[in-house]
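In: sequence first, predicted model second:
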Amino acid sequence: MLKLSKMQYLLGRAITPPNVSNDLFLPGIDPRYAHHFPYFDWSAIKTMLFDPRVQFGLWLIKGPIFNCTRFFSEEEADNPNIQQSIVELDYHFPYAICCENKDIEAWVIDQYNRFWETGLHKALTAIEWGFSGCQVMYKLDDKNRLNYDNLILYKQEKCRVVTKQHGIIGFVPDPHSNNYIPLPKGFWHLHQREQNAYYGQSRLKGAHVPWHEEWMQGGARDIRRTWFYRNAYDGGELYYPDGAQDIDGQPVPNVEVAVSMLANKRTGGFAIFPSQRDQQGKQAWEYQPPQSAVTPQGMIEYLSELKSEILEGMGIPAEVVESKGSDGFGSATGRKVPFMAFIATLAPMVSNIIGDFHDQILRPILELQNKGVAPKISIKKIVPKTAPNQTELPGADEISQQDKSGL
């Protein structure tokens, strides 16, 4: 009995009562460097999402997950033609669904395809927030089987996870209400779960410092806007003589005439002056046209560098989107090494979302349909056994040259 109780203890979890966890993802900052690390909280995330560069970076991350993930049956996974297609079509995340019951195998593939179509984009809001909480909508098919249908996404800043024995059992969409959504009616997905087991960590945290430097008061955008507003060009100079002009029988001081002339000057406008000259031969009225000021060296590059740092802070190498010449766009120029390194960083995210969907939605459905015992399902990453000739790949010559140069 002693050995059995120890085994049960090791296989189980520490017993703790259910509770709503508020253990969020905002760690302390060393005060010696706090002036370089602005406070990162919910409002910072919401504000960063207004930046089109941040949105662009998020879709660079989410796009390959949407478009390059495919699910195949066990038989298809062993088919050389399918494996060749996986390579040629750049399906970076191909998975084989394996089950002894082929009807269940096909059903599981259908569930994943449905989830990729209707729910993935909602679940992946965890990338920018650290986590996502959704209500799962189910439906019955023509065989009276329960099927996944859709997700209803809740606002992350209000959601709080509910735990029991250190495991997630559901969440509340609003901590000020009594509404509780247990799993599997709820779906809770985490990004960078190694940082926080309940709330993950936002992908935007690494990009917050350069983003803040760009958008803060007195930051890069303020510098650019202020310079172009105040210093890009002057309005010209107009020298006037003392005295006044008779306009419609009323004397108007020359200074007022000069101010009115320059205030009304527009592109394509003109100015007319009397030809009277003083004793030194200078014109009584003299106009110096406006001149363009030279943009300070490095000002434009400063803002561009911050934009690159924002993407790098989100885990996106600059080489993925930027071209050093006019030969192409980002990785299309043959710089495949940074691109493939970036794709490799997405692999754990794909595995996590597949695993969460299986554990929180698929397995409970199968247990319900099979009297509490879910059939064994194996989800395996497909590694094609054959690949096309390296020289046939686009940009292969560039890759070879860069490899030789040490890239």
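Out: Alright, I've got the coordinates. Numbers count the residues shown, from 1 in each chain.

In: and the helices in the stretch 151-300 of the chain, which stretches?
Out: Applying DSSP state H, counting those that start in this stretch to the stretch 151-300 of the chain gives helices spanning 208-215, 220-230, 254-263, 299-313.

In: buried deepest among these, which one?
Out: Sort the helices of the stretch 151-300 of the chain by mean neighbour count, taking mean count of other Cβ atoms under 10 Å, and helix 208-215 sits at the top with a mean of 20. All C-beta spots, glycine's among them, are computed from the backbone N, C-alpha and C.

In: quick one: that helix to chain centroid distance?
Out: Relative to the mean C-alpha coordinate of its chain, helix 208-215 is positioned 15 Å out (Cα atoms, centre = their mean, to the nearest Å).

In: can I get it in CSV, CA atoms only?
Out: Presented in CSV, the C-alpha positions along helix 208-215 are these (Å, rounded to 0.1, in the frame of the first residue of the first chain):
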residue,chain,number,x,y,z
HIS,A,208,8.0,47.1,-26.9
VAL,A,209,11.3,48.9,-26.3
PRO,A,210,11.9,50.0,-30.0
TRP,A,211,8.1,50.6,-30.5
HIS,A,212,8.1,52.9,-27.5
GLU,A,213,11.2,54.7,-28.8
GLU,A,214,9.4,55.3,-32.0
TRP,A,215,6.0,56.4,-30.7
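
In: that one vs helix 299-313, what angle?
Out: 150 degrees (axes from the mean of the first three to the mean of the last three Cα atoms, to 10 degrees).

In: still on that earlier bit, where among the helices of the stretch 151-300 of the chain is the average confidence lowest?
Out: Mean pLDDT values for the helices of the stretch 151-300 of the chain show the minimum at helix 220-230, a mean of 83.

In: residue 35 and residue 213, how far apart?
Out: For residue 35, the distance to residue 213 (Cβ to Cβ, to the nearest Å) stands at 12 Å.

In: got it, and residue 344?
Out: Distance, residue 344 to residue 213, using Cβ to Cβ: 29 Å.

In: strands of the stretch 201-350 of the chain, start to end?
Out: Assigned by DSSP state E, counting those that start in this stretch, the stretch 201-350 of the chain shows strands spanning 237-239, 244-247, 250-253, 286-288.

In: need these in TSV (columns: distance to residue 306, mean neighbour count and mean pLDDT).
Out: Below are the strands of the stretch 201-350 of the chain laid out as TSV (distance: least, Cβ to Cβ, whole Å; neighbours: other Cβ atoms under 10 Å; pLDDT from 0 to 100):
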stretch	distance to residue 306	mean neighbour count	mean pLDDT
strand 237-239	36	15	84
strand 244-247	52	11	86
strand 250-253	49	11	90
strand 286-288	37	13	83
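
In: quick one: closest of the ones you listed to residue 125.
Out: strand 237-239 (56.2 Å; Cβ to Cβ).

In: tally of neighbours for residue 158?
Out: For residue 158, the count of nearby residues is 14 (other Cβ atoms under 10 Å).

In: how many neighbours does the nearest residue to it once chain neighbours are set aside have?
Out: Spatial nearest neighbour of residue 158, excluding adjacent residues (Cβ to Cβ, 6 or more residues apart in numbering): residue 174 at 4.9 Å. By other Cβ under 10 Å, the residues close to residue 174 number 12.

In: try the one 10 residues further on
Out: Other residues within reach of residue 184, judged by other Cβ under 10 Å, total 19.

In: name the element the residue nearest to it when sequence neighbours are not counted belongs to?
Out: Spatially, and ignoring its direct neighbours in sequence, residue 184 is nearest to residue 364 (4.0 Å; Cβ to Cβ, 6+ apart). Using DSSP states H and E, residue 364 sits in helix 363-369.

In: buried residues of that helix, list them for me.
Out: Going by neighbour count (16 or more other Cβ atoms under 10 Å), the buried part of helix 363-369 is 364-366.

In: what packs against the next helix or strand along the chain from it?
Out: Next helix or strand after helix 363-369 toward the C-terminus (DSSP H and E): strand 378-381. Contacts defined by 3 or more Cβ pairs under 8 Å, 6 or more residues apart in numbering; DSSP states H and E place strand 378-381 against strand 93-98, helix 336-357.

In: okay, those in JSON lines with mean neighbour count, distance to residue 51 and mean pLDDT next?
Out: As requested, these are arranged in JSON lines below (neighbours: other Cβ atoms under 10 Å; distance: least, Cβ to Cβ, whole Å; pLDDT from 0 to 100):
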{"stretch": "strand 93-98", "mean neighbour count": "21", "distance to residue 51": "28", "mean pLDDT": "96"}
{"stretch": "helix 336-357", "mean neighbour count": "17", "distance to residue 51": "20", "mean pLDDT": "92"}
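
In: dump these to TSV, plus distance to residue 267.
Out: What follows is these, written out as TSV (distance: least, Cβ to Cβ, whole Å):
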stretch	distance to residue 267
strand 93-98	55
helix 336-357	45
